[in-house]
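K.L.:
Okay, predicted coordinates and the sequence, questions at the end:
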Amino acid sequence: MNIFKTVTVLLVILTFSFSAPAYAHGAPNLHEADFEIELDDCNAIHVEPHVLGSEFDALFFFWTDEPGFDSNAGAFPTGSSIGFNILDALKKWNGNGFDILDPNTEETLTISFLFGSTFATCETGAGFVEGFDVPVAADGSWHKHLGYTLSSVDNNDPNSGIYLLALELYNTSSEPNITSSNPFWIVFNLGIPEDDHHEAIHWVEENLYQLPDLEQDGYIDFKDFAILASQWLHTNCDCRNHFCNGADITKDGRVDLLDLSKIASNWLKPIDDSKEENSLNQIVDGAGRCG
Ligand SMILES: [Ca+2]
Ligand SMILES: [Ca+2]
């Protein structure tokens, strides 16, 4: 069944189940700027957007400091620090998804930050790597640009490609206790046409950020649809109600056609291996630590 038919069938079920009207939304847009960070209503770090693109500079050591992070003044407790963790191995675009790179034989990515005259660095590994933190400014803002450098294992130039980095942010405050962010991603490009780069960014948006496996059994089927149906047209979905029990897949505050289309476009598909490896519960063996 194609996507259009699937949406139509599921919508007919919902129409006969509920009387309220449906709403349409525009497509999510991708933009390349800093990540905006703030605390949400549940004292968790919120990062927006969840996916950004970036370009390595082949003329400057395969380095970039984009995207950065920015917040309003007063966003975070003064005296606290914000840090990052690397959630997974560096991955490379294959045209249909991302392959895991072996840090012993393939490219790695190093994250760096200059403290006065000292560089802190942190390199991607085979899985989770604990990063380092940088103090919040005196006005409670955090506007920082970390450096990202692509390296090959043999000190030759790294290969052209589109590379995926998965991160989370944490805050060191204990009063209030602040929850780490959800995963977010940077899709770096080195020498590949921009159309392919945008396709890879879009893939991350569709496959890693807004996974419609609500019941979390590895398949998108009627069990997931049942959860969505039970929340159909509910509004005020936010962190306090776990975005309407997960049915607000797009996390825009309401359960509507946009969420239904996420289920329909993945209807009866298993979550493939690459998606599974990128799921949120993926703290893997071989965890490392930087500083
Ligand atoms: Ca499911
Ligand atoms: Ca929604």
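P.N.:
Now that the structure is in, tell me what you want to look at. Ligands and ions are numbered 1, 2, ... in the order given.

K.L.:
can I have the longest strand anywhere in the chain written out in PDB, keeping just the CAs?
P.N.:
When the chain is parsed with DSSP state E, its longest strand is strand 161-171. Output of strand 161-171 as PDB, limited to C-alpha atoms (Å, rounded to 0.1, in the frame of the first residue of the first chain):
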ATOM      1  CA  GLY A 161      32.000  12.200   2.800                       C
ATOM      2  CA  ILE A 162      29.000  13.200   4.900                       C
ATOM      3  CA  TYR A 163      29.600  12.400   8.500                       C
ATOM      4  CA  LEU A 164      27.000  12.100  11.400                       C
ATOM      5  CA  LEU A 165      27.700  13.100  15.000                       C
ATOM      6  CA  ALA A 166      25.200  12.400  17.800                       C
ATOM      7  CA  LEU A 167      25.400  14.500  20.900                       C
ATOM      8  CA  GLU A 168      23.600  15.400  24.100                       C
ATOM      9  CA  LEU A 169      24.000  18.400  26.400                       C
ATOM     10  CA  TYR A 170      24.000  18.300  30.200                       C
ATOM     11  CA  ASN A 171      24.200  20.900  33.000                       C
END
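
K.L.:
Might one say that residue 192 is in contact with residue 163?
P.N.:
No. If you go by Cβ atoms under 8 Å, residue 192 and residue 163 don't touch, sitting 9.8 Å apart. (C-beta placed from N, C-alpha, C; glycine too.)

K.L.:
Between the two, which has more neighbouring residues?
P.N.:
Higher neighbour count among residue 192 and residue 163: residue 163, with 27 against 15, using other Cβ atoms under 10 Å.

K.L.:
Show me which residues of the stretch 151-291 of the chain sit near ligand 1.
P.N.:
By Cβ under 5 Å from the ion, the residues of the stretch 151-291 of the chain that approach ligand 1 are 213, 215, 217, 219, 224.

K.L.:
on that earlier part again, and for residue 192 and residue 163, which residues touch both?
P.N.:
Common contact partners of residue 192 and residue 163 (Cβ atoms under 8 Å, 6 or more residues apart in numbering): residue 93.

K.L.:
Apart from its chain neighbours, what residue comes closest to residue 74?
P.N.:
In space, and not counting its chain neighbours, residue 74 is closest to residue 140: 4.2 Å by Cβ to Cβ, 6 or more residues apart in numbering.

K.L.:
and residue 34, what is it in contact with?
P.N.:
67-70, 143.

K.L.:
Could you single out the nearest of the residues you listed to residue 112?
P.N.:
Here the nearest of the contacts of residue 34 to residue 112, counting by Cβ to Cβ, is residue 68; it sits at 13.4 Å.

K.L.:
Distance check, the residue lying closest to that closest one once chain neighbours are set aside against residue 46.
P.N.:
Among residues not flanking residue 68 along the chain, residue 145 sits closest, at 3.8 Å (Cβ to Cβ, 6+ apart). Counting by Cβ to Cβ, to the nearest Å, the gap from residue 145 to residue 46 is 19 Å.

K.L.:
who has more neighbours, those two?
P.N.:
Taking neighbours as other Cβ under 10 Å, residue 145 and residue 46 compare with residue 46 leading, 18 against 14.

K.L.:
Wait, that one touches residue 37, no?
P.N.:
Yes. Using Cβ under 8 Å, residue 46 makes contact with residue 37 at a distance of 6.8 Å.

K.L.:
Now do the shared contacts for these two.
P.N.:
Shared contacts of residue 46 and residue 37, counting by Cβ under 8 Å, 6+ apart, come down to residue 181.

K.L.:
which stretches of the chain have low pLDDT?
P.N.:
1-32, 271-289, 291 (pLDDT under 70).

K.L.:
Residue of it closest to ligand 1, please.
P.N.:
For the chain, the residue closest to ligand 1 is residue 215, as judged by Cβ to the ion, at 3.9 Å.
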